[in-house]
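Colleague: Give me the fold of what follows.
(one chain, ligands or ions: 1)
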Amino acid sequence: MTASPTATRAAQRDSRRPSGFGHSATSVWLPPDPGHVDTIAQSHERCASLRLSPIRPPDHTPLMRSDLAVARERNRCLSLHAVPVMEMLLEQILATQSMVLLTDVQGTVLHSIGHDDFLTRASKVALAPGVNWSESSKGTNAIGTALVTETPTIVHADEHFVHANQFLTCSSSPIFDPRGNLVGVLDVSGDHHSFHVHTMGLVKMSARMIQNHWLIEDSHQTLRLHFHLRRDYLGTLMEGIVSVGQDGKLLAANRAALDMLRLSGAALRMNTVTGLFGVSLGALVDHFGSTLSTPLELSLPDGRQIHANARFNGTGWHQLGRARDDQPEALAHEAAREPAARDALPDTAREPTAHPNAVPPSPSLRQLQTGDARMDDVVTRVKRVLDRDIPVLIQGETGTGKEMLARAIHQGSRRASGPFIAVNCASIPETLIESELFGYEEGAFTGARRKGAVGKVLQAHGGTLFLDEIGDMPLGLQARLLRVLQEREVTPLGGTRALPVDVSVISATHQPLRELIDRKQFREDLYYRLNGLVVQLPALRERTDLLALTEKLLKRECRGRLLRLDAEVLRLMQACRWPGNIRQLATVLRTAVAMAGDDAVITVDHLSEDFLQDARRTLDEEPASVAASRPPVSMAQHAEPRPSDAAAPDGLGSAQVGEAPGGRSTLHQLEHDTVRRALAEAGGNISVAARRLGISRNTIYRKLYWPPGAGR
Ligand SMILES: Nc1ncnc2c1ncn2[C@@H]1O[C@H](COP(=O)(O)OP(=O)(O)OP(=O)(O)O)[C@@H](O)[C@H]1O
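Modeller: Here you go, the predicted structure:
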């Protein structure tokens, strides 16, 4: 049985009955285990070495609203799976005057819900969305410390480093995505008088629920193996779950599985079901495909016995059976590799092709050209250095599509069949970047994960390593990265053997690296190693293809439905400064599509309050001349689209302006007239007209000089 929210809710209800947790019963605080005291002591040492003050109130400034919106969008999958569980968790602890918080991997609170009385007190110490609760910002606290140790953590009363936080009792559990990456923290915080011994258990169970739900949702057309060392734990939140691809490779796992298998997420993906469980995919399909199958007893490579059940998300077991029959070589190869595959050698360090739902599909470079001249130029320049071993440095504000471009470069290169490994240097806690990048040998350090792990650099072997937010890489590590790039070999932490590695490097930043060099925050030699080709992505407000991009994203969000934006919406979109760039545009459209329900037209009523405020503020502030120069938006000024118009491949306006032939304007004539008028108004300056119309110069030429029906 899978851990369904309902079943678990019942289990939780039962488990709390004897203690009377449902009413305001509290417990006496006792350190949960001997390791707890060490954890707190080590955290206090870290805080002291960071020169944090226990007395001075820490900085509570929350993120700006637009930055919080960006952080939430970045963590959309996490929120999607966590928020329903948070609500359920709150129901369980309602009587304890506490609150439930969700943070991202940097410790920034994304969502908080809770008891009204406590919310008022909590707001004084800024347990609120947008505020950062990492250890380096707030000292020892359950969220920050759980992020460092990657284990469930309680911090009670005066265990908090900062005195102002000592009225709190907090229980946190880290959350890992289906690939084993730490992505955030779930936390319950309340007044320390309301401490309850079962809170930590509830938080841990809720975190497991989030992870299992995410993993199960993410595993399409894959077989899932649910297992445990004890048969009676099958079907509980304690069971391990791994998803297996059609070629027998392991794709994802929950934390319980990784712990039982004693593997990191990256090492898991180098294994096959045969290698780890001693049974082929075909045998599993045969056994569990029958109606009355019973759990199987399987052996792990170290001899431990486990009990396993299997589930399948997809059209049916027979699909997997067919995949198995179609790929005898893959299975033979799988059988031949057996347990040796768990050694993380560089030539086996290729990731299997990621699960189709795990990462967004990579666009081609051509698909990034939607009519903006600066983007055209970026793509042209990037194409010239493809496969020439020239590192690319992508600069641009947040959300401008830096990672999307990096994926497109990888996709267009000879390395496309190799892995694309992205490392966000800003979102990994500073203390973990080194191990995350270079990996570590078993027993290399204490206080965090103790098993060995393959670093991201080695995982990218044969493919592309994407170093996002490179400007945030700590100075000390920059020297180490430079050495790896120069010598093309990596020595994991605690290891002695250097492993050769072949990666193509793309890095990205929103920071002016040259200024960082002047301020001695970025190494000049590393800069010159990374900047073979530097490209600058334009901010959305500078792009001339807002309408084309909007159409593309709207199509993506509508999934085949017919929807258009009305004139006022388009006017506001053109006025908006888009601080979150394309990411923000995508979010605004996604929300609007959802709010529109069955309506055929998106109106101002469907837009989020945040966006409306930003756009209206800009409109209020800008001089009348700027507003007057804004091009008329054709989409909104014409009749309702007919179904056949929706498929028009052109920009938003044109897709909606088709009119019946026979005396009235054709689509082409309307476009032609609009372009001519804009050109006349711009005094014949094609660049100005292009900018005002939101299309590229090339499109202007096409619209003016190509006959109707000619290819675009
Ligand atoms: N050309 C594009 N077409 C459609 N969607 C795009 C395009 N460029 C970016 N996006 C979307 O915008 C969002 C942000 O893109 P991406 O993560 O590549 O930006 P980024 O510059 O790397 O952001 P950050 O600096 O915050 O890491 C993603 O959801 C992506 O799918």
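Colleague: all helices for the stretch 451-600 of the chain, in order.
Modeller: 456-459, 475-487, 513-518, 524-530, 546-558, 567-575, 581-596 (DSSP state H, counting those that start in this stretch).
Colleague: and of those helices, who's closest to Asp376?
Modeller: helix 546-558 (12.2 Å; CB to CB). All C-beta atoms are positioned from the backbone trio N, CA, C, and that covers glycine.
Colleague: If you count contacts, what does the closest one end up packed against?
Modeller: helix 567-575, helix 581-596, helix 652-656 (3 or more CB pairs under 8 Å, 6 or more residues apart in numbering; DSSP states H and E).
Colleague: Ok, which of the ones you listed comes nearest the ligand?
Modeller: helix 581-596 (3.8 Å; CB to the nearest ligand atom).
Colleague: Buried residues of that closest one, list them for me.
Modeller: 581-593, 596 (16 or more other CB atoms under 10 Å).
Colleague: coming back round to it: distance to the ligand and mean pLDDT for the helices and strands packed on helix 546-558 - can I get that in JSON lines?
Modeller: Output for those, formatted as JSON lines (distance: least, CB to the nearest ligand atom, whole Å; pLDDT from 0 to 100):
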{"stretch": "helix 567-575", "distance to the ligand": "15", "mean pLDDT": "90"}
{"stretch": "helix 581-596", "distance to the ligand": "4", "mean pLDDT": "89"}
{"stretch": "helix 652-656", "distance to the ligand": "14", "mean pLDDT": "33"}
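Colleague: avg pLDDT for the one helix or strand Arg691 maps to?
Modeller: In the assignment (DSSP states H and E), Arg691 maps to helix 686-693. Averaging pLDDT along helix 686-693 gives 74.
Colleague: tell me the average confidence for the helix or strand hosting Arg311?
Modeller: For Arg311, the host element (DSSP H and E) is strand 305-313. Strand 305-313 shows a mean pLDDT of 87.
Colleague: go on, stretch 82-97?
Modeller: 86.
Colleague: Report how many residues lie close to the closest residue to the ligand within the stretch 401-550 of the chain.
Modeller: Residue of the stretch 401-550 of the chain nearest the ligand, by CB to the nearest ligand atom: Gly401 (2.8 Å). Residue neighbour count, defined by other CB atoms under 10 Å, stands at 22 for Gly401.
Colleague: which residues touch it?
Modeller: Leu368, Leu537, Asn581, Ile582 (CB atoms under 8 Å, 6 or more residues apart in numbering).
Colleague: wait, isn't the third one in contact with Thr400?
Modeller: Yes. The pair formed by Asn581 and Thr400 meets the contact definition of CB atoms under 8 Å, at 4.6 Å.
Colleague: how near is the nearest residue to His160 once chain neighbours are set aside to Asp468?
Modeller: The spatially closest residue to His160, leaving aside those adjacent along the chain, is Gln166, at 4.9 Å (CB to CB, 6 or more residues apart in numbering). Distance, Gln166 to Asp468, using CB to CB, to the nearest Å: 37 Å.
Colleague: Looking at the two, which is more packed in?
Modeller: The neighbour count for Gln166 versus Asp468, taken as other CB under 10 Å, is higher for Asp468 (20 against 17).
Colleague: circling back to that earlier point, list the residues that contact both of Asn581 and Thr400?
Modeller: Common neighbours of Asn581 and Thr400 are listed as Ala539, Leu540 (criterion: CB under 8 Å, 6+ apart).
Colleague: Regarding Val155, what is its secondary structure?
Modeller: strand (DSSP: H, G, I helix; E, B strand; the rest coil).
Colleague: can you tell which of the helices and strands packed on helix 546-558 is closest to Leu300?
Modeller: Comparing the helices and strands packed on helix 546-558 by CB to CB, helix 581-596 comes nearest, at 41.9 Å.
Colleague: What's the first helix or strand after the closest one?
Modeller: Next element after helix 581-596 (DSSP H and E): strand 601-602.
Colleague: how about the residues of the stretch 501-650 of the chain near the ligand?
Modeller: His510, Lys552, Leu553, Ile582, Arg583, Ala586 (CB under 6 Å from any ligand atom).
Colleague: Can you check the pLDDT for Met209?
Modeller: We have a pLDDT of 93 for Met209.
Colleague: So for it, what's the nearest residue that isn't a sequence neighbour?
Modeller: That would be Val85: by CB to CB, 6+ apart, it lies 5.2 Å from Met209.
Colleague: can you give me how far the helix or strand harbouring the one you found is from the chain middle?
Modeller: Using DSSP H and E, Val85 sits in helix 76-93. In this view, helix 76-93 has its centroid 18 Å away from the chain centroid, taken as CA atoms, centre = their mean, to the nearest Å.
Colleague: quick one on the thing from earlier: and the helix holding Arg691, how far out from the chain middle?
Modeller: 36 Å.
Colleague: Next secondary structure after the helix-or-strand element of the chain with minimal mean pLDDT?
Modeller: Lowest mean confidence among the helices and strands of the chain (mean pLDDT, DSSP states H and E): helix 328-337, at a mean of 30. Next helix or strand after helix 328-337 toward the C-terminus (DSSP H and E): helix 373-385.
Colleague: Could you point out the helix or strand that follows that next one?
Modeller: Next element after helix 373-385 (DSSP H and E): strand 392-395.
Colleague: Alpha carbons only: can I get that following strand in CSV?
Modeller: C-alpha atoms of strand 392-395 as CSV (Å, rounded to 0.1, in the frame of the first residue of the first chain):
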residue,chain,number,x,y,z
VAL,A,392,30.3,29.8,-22.2
LEU,A,393,29.5,32.4,-19.5
ILE,A,394,25.8,33.4,-19.6
GLN,A,395,24.9,36.7,-17.9
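Colleague: Get me the contact residues on the chain for the ligand.
Modeller: 360, 368, 396, 398-404, 468, 510, 552-553, 582-583, 586.
Colleague: From these, list just the buried residues.
Modeller: Buried, going by 16+ other CB under 10 Å: 368, 396, 398-404, 468, 510, 552-553, 582-583, 586, out of the residues of the chain next to the ligand.
Colleague: give the contact list for the nearest residue to Asn75 once chain neighbours are set aside.
Modeller: Closest residue to Asn75 apart from its sequence neighbours, by CB to CB, 6+ apart: Asp104 at 5.0 Å. With contacts defined as CB under 8 Å, 6+ apart, the neighbours of Asp104 are Ala71, Arg74, Asn75, Leu78, Leu110, Val183, Gly184, Ser427.
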